[in-house]
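1. A predicted structure for the sequence below; I have some questions about it.
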Amino acid sequence: MHRANTESPSILIIGTGFGGLGMAIQLKKAGYQNLILLEKANRVGGTWRDNTYPGAACDVQSHFYSYSFEPKHDWSRKFGLQHEILGYMEHCVEKYGLGEHIRFNSEVSDASFDQRLNRWNVTLTNGEVLTSHILITATGQLNQPAWPKIEGLNRFRGRIFHSARWDHDYDITGKKVAVIGTGASAIQFVPEIAKQVRTLNLFQRNAAWVLPKPDRPFRPWEQWLFSKLPVWDRLYRYLIYWKNESRALAFTRFKGLLETFARQARKEAQKRITDPEKLRKIIPDYQIGCKRILISNDWYPAINQSNVNLVTEAIREIATDGVITADGKHHPADAIILATGFRASEFLSPITITGRNGRNLNEAWKDGAVAFKGITVSGFPNMFMLYGPNTNLAHNSILYMLESQFRYVLDCLKALDKYPGAAMDVREDRQERFSQVVQAGLKGSVWDTGCTSWYLDENGKNTVNWPGFTFTYRFSTRHVDTADYRFLNPAN
Ligand code: NAP
């Protein structure tokens with residue numbers, strides 16, 4: 001428990017996705033009660049609240065895509081559906097009494113560090129200013145939808161929306177629909193809407209590597225066993241962890257191992273797609289794993305449908321009533337769905353963050369986002385990032401990384417207890433050294449084989465992925481080494 005004889009620091013958390021909620025639970029458990037979570041929307045859930053497109057589901061197994069400290073034994077299937085995951089998050093809010101700490105409809109516009117008082121001043125878009133000792137950002141990497149830069153996009157007269165902001169008021173039945181993008185989101189909703197629409201023109205810039213999804217509903221006796229034998233539930237979780245973890249080496253060191261998966265994907269496509277032209281287009285021409293490997297059992301059958309047209313000609317522009325490709329062909333559309341992903345490497349965007357000596361975070365990151373252990377940034381004392389730079393995974397559950405970060409932040413708060421009134425600022429040389437190790441680890445990884453992906457920022461630097469095993473990350477974040485930090489007294 002946090003010592004009662006020291007003043008409990010005030011803590012602001014931005015975001016109520018898996019990061020913000022889990023951090024708040026751990027803080028409360030440790031006795032930190034002076035805690036506010038700021039949420040821009042009117043509901044918790046982060047990406048699981050925002051992504052409500054048909055077929056939205058997780059591509060990591062539910063028993064491992066949930067907190068280790070809050071097992072759910074009755075997942076309906078191996079890979080949870082969006083509404084079930086959101087329900088789990090809401091259950092956590094209820095069970096751990098987080099409701100009283102959350103302020104909804106409170107979007108942060110900027111946060112600046114006042115070094116005279118060692119406080120963060122956090123301004124909301126309505127002009128209100130809140131003050132805290134500690135600022136924890138939990139805004140995720142996938143919360144800002146990327147609108148593509150395509151000429152004429154605002155000229156279109158039909159319905160247009162992003163997959164992460166699905167327009168449920170629009171009835172897609174019998175419509176001519178254009179979908180732009182073939183990433184993780186598209187492969188989930190295209191099979192769903194292909195059954196409803198009249199025609200679906202799917203604009204593919206690069207094909208995705210898609211493997212079968214080993215998914216199925218849990219049988220009632222399996223759920224019974226998970227709840228009656230918690231040891232089995234935990235063992236099942238560990239088995240998933242190690243199965244997923246074993247793939248890390250293939251991504252970072254032995255790319256050749258991924259060829260087995262490429263063969264499997266090709267075989268699956270050949271089995272499901274009868275049109276030779278579609279089959280030719282759907283097989284990627286880049287190293288498997290360079291972009292996220294996707295899993296689905298209904299993607300290839302959907303592509304094979306006669307009302308689905310796979311367009312690989314580049315998009316030239318959007319017309320008032322459709323999409324025009326580089327060959328001059330006009331593809332009529334009643335609606336355009338942008339499945340064009342997120343601005344992943346623009347961490348914390350669009351919040352303006354100002355640290356010591358008026359230093360702006362964008363300026364500090366002009367050569368690419370960087371944070372010590374993905375959590376602290378030099379010049380921004382007492383600010384802790386969850387799911388920060390280089391902590392994303394392609395092979396395992398991000399919740400494991402988040403839980404490592406929760407521990408590290410708690411350890412930082414404990415360290416701060418010993419320096420009353422001080423703010424901790426990571427030493428620049430430690431941050432630099434950490435970044436060099438991460439970037440060296442990413443050299444020669446499968447993400448470095450020449451494809452474009454959301455792992456790379458505009459300069460081609462991978463500021464998103466962690467280059468290895470998750471247990472090495474857990475080990476490196478198990479304790480704070482106070483020598484990595486300067487403990488600063490208020491400047492006056
Ligand atoms: P994404 O994987 O980044 O895919 C975006 C797609 O849009 C790509 O096919 C891209 O083509 C295309 N695109 C972007 N700009 C374009 C343009 N100007 N013209 C034509 N095509 C364009 O985005 P996402 O599908 O939303 O997925 C993002 C991430 O979210 C995933 O990798 C995953 O981590 C997460 N996600 C997870 C789940 C889950 O099951 N847990 C589900 C959905 C999403 P190029 O490939 O050529 O760039």
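-> Right, received. Where do you want to start?
2. which SS class is A302?
-> Of the three states, A302 takes helix under DSSP: H, G, I helix; E, B strand; the rest coil.
3. My read is that it contacts N309, right?
-> No. Using Cβ atoms under 8 Å, A302 is not in contact with N309, being 11.9 Å away. In short, each C-beta sits where N, CA and C put it, glycine included.
4. Looking at the two, which one has more neighbours?
-> A302 (21 against 15; other Cβ atoms under 10 Å).
5. Now do the same for that one: its pLDDT.
-> Looking at A302, its pLDDT is 98.
6. in this protein, what residue is nearest the ligand?
-> Nearest to the ligand, among the residues of the chain, is G183, at 2.2 Å (Cβ to the nearest ligand atom).
7. ok, that residue - how many residues close by?
-> 20.
8. OK, contacts around it?
-> 208, 291-292, 294, 339-341 (Cβ atoms under 8 Å, 6 or more residues apart in numbering).
9. let's go with 10 Å and repeat that
-> Going by Cβ atoms under 10 Å, 6 or more residues apart in numbering, G183 touches 163, 205-206, 208, 291-292, 294, 339-342, 453-454.
10. Filter those down to the ones in helices?
-> Within the contacts of G183, no residue falls in helices by DSSP state H.
11. And those, which of them are buried?
-> Among the contacts of G183, those classed as buried by 16 or more other Cβ atoms under 10 Å are 163, 206, 208, 291-292, 294, 339-342, 453-454.
12. could I get those residues as TSV with pLDDT and distance to F79?
-> Listed next are the buried ones among the contacts of G183 as TSV, based on pLDDT from 0 to 100; distance: Cβ to Cβ, whole Å:
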residue	pLDDT	distance to F79
S163	98	18
N206	96	24
A208	97	17
K291	94	20
R292	94	15
L294	96	12
A339	98	19
T340	97	24
G341	95	20
F342	93	21
S453	92	22
W454	90	21
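13. Now narrow those to whatever sits close to the ligand.
-> Within the set of the buried ones among the contacts of G183, contact with the ligand (Cβ under 6 Å from any ligand atom) is found for 206, 291-292, 339-342, 454.
14. any idea which helix is longest in this protein?
-> Under DSSP H, the chain gives helix 398-417 as its longest helix.
15. average pLDDT for that helix?
-> 97.
16. Dump the helix or strand following it to PDB, keeping only the CA atoms.
-> For helix 398-417, the following helix or strand on the C-terminal side (DSSP states H and E) is strand 423-426. In PDB, the C-alpha atoms belonging to strand 423-426 read as follows (Å, rounded to 0.1, in the frame of the first residue of the first chain):
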ATOM      1  CA  ALA A 423       9.900  15.300 -10.300                       C
ATOM      2  CA  MET A 424      11.800  12.500 -12.100                       C
ATOM      3  CA  ASP A 425      13.200  13.100 -15.500                       C
ATOM      4  CA  VAL A 426      14.900  10.400 -17.400                       C
END
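17. Can you pull the residues that touch both of A302 and N309?
-> Common neighbours of A302 and N309 (Cβ under 10 Å, 6+ apart) are 200, 202.
18. who's in contact with P350?
-> 107-110, 144, 343.
19. Just flag the most distant two among those residues.
-> D110 and R343 (18.0 Å; Cβ to Cβ).
20. Show me which residues of the worst-scoring helix or strand of the chain on mean pLDDT are buried.
-> Of all the helices and strands that make up the chain, helix 248-252 has the lowest average by mean pLDDT, DSSP states H and E, namely a mean of 84. Neighbour-count burial for helix 248-252 flags 248, 250-252 (criterion: 16+ other Cβ under 10 Å).
21. Need these in TSV (columns: distance to the ligand).
-> What follows is the buried residues of helix 248-252, written out as TSV (distance: Cβ to the nearest ligand atom, whole Å):
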residue	distance to the ligand
A248	16
A250	17
F251	14
T252	17
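22. ok, back up a step: if you count contacts, what does the following helix or strand past the least confident helix or strand of the chain end up packed against?
-> Sequence-wise, the next helix or strand downstream of helix 248-252 (DSSP H and E) is helix 259-272. Packed against helix 259-272 by the contact rule (3 or more Cβ pairs under 10 Å, 6 or more residues apart in numbering; DSSP states H and E) you find strand 210-211, helix 248-252, helix 276-282, helix 299-304.
23. now helix 259-272: mean pLDDT?
-> 95.
24. Now do it: everything it contacts.
-> By Cβ under 10 Å, 6+ apart, helix 259-272 touches 207-212, 247, 250, 278-280, 282-284, 287-289, 293-304.
25. Tell me which residues of that helix come out buried.
-> In helix 259-272, counting by 16+ other Cβ under 10 Å, buried: 261-262, 265-266, 268-269, 272.
26. right, and out of those, which lies closest to D429?
-> Using Cβ to Cβ, F261 is the member of the buried residues of helix 259-272 that lies nearest D429, at 40.1 Å.
27. residues from the stretch 101-250 of the chain in reach of the ligand?
-> Residues of the stretch 101-250 of the chain lying near the ligand (Cβ under 6 Å from any ligand atom): 142, 148, 150, 180-186, 188, 203, 205-206.
28. For the residues you listed, work out which two are farthest apart.
-> Maximum pairwise distance among those (Cβ to Cβ): 22.5 Å, between I150 and Q188.
29. Using a markdown table, please lay out the ones next to the ligand among the buried ones among the contacts of G183 together with distance to D233.
-> Below are those laid out as a markdown table (distance: Cβ to Cβ, whole Å):
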| residue | distance to D233 |
| --- | --- |
| N206 | 39 |
| K291 | 33 |
| R292 | 28 |
| A339 | 35 |
| T340 | 38 |
| G341 | 34 |
| F342 | 32 |
| W454 | 33 |
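30. Relative to L130, which of these is nearest.
-> Nearest to L130 among those, with distances taken as Cβ to Cβ, is F342, at 26.9 Å.
31. So for the host helix or strand of Y88, what gets flagged as buried?
-> Using DSSP H and E, Y88 sits within helix 82-95. For helix 82-95, a neighbour-count test (16+ other Cβ under 10 Å) marks 82, 84-86, 88-90, 92-93 as buried.
32. phi, psi of K176?
-> phi -90, psi 110 (degrees, to the nearest 10).
33. Bridge partners for it, pull those for me.
-> T199 (DSSP bridges).
34. Enumerate every residue touching it.
-> Neighbours of K176 in contact, by Cβ under 10 Å, 6+ apart: 158, 197-201, 307, 321-322, 331-335.
35. Apply 6 Å and report the result again.
-> For K176, the contact set (Cβ atoms under 6 Å, 6 or more residues apart in numbering) comprises 198-199, 332-334.
36. Alright, I will stop here.
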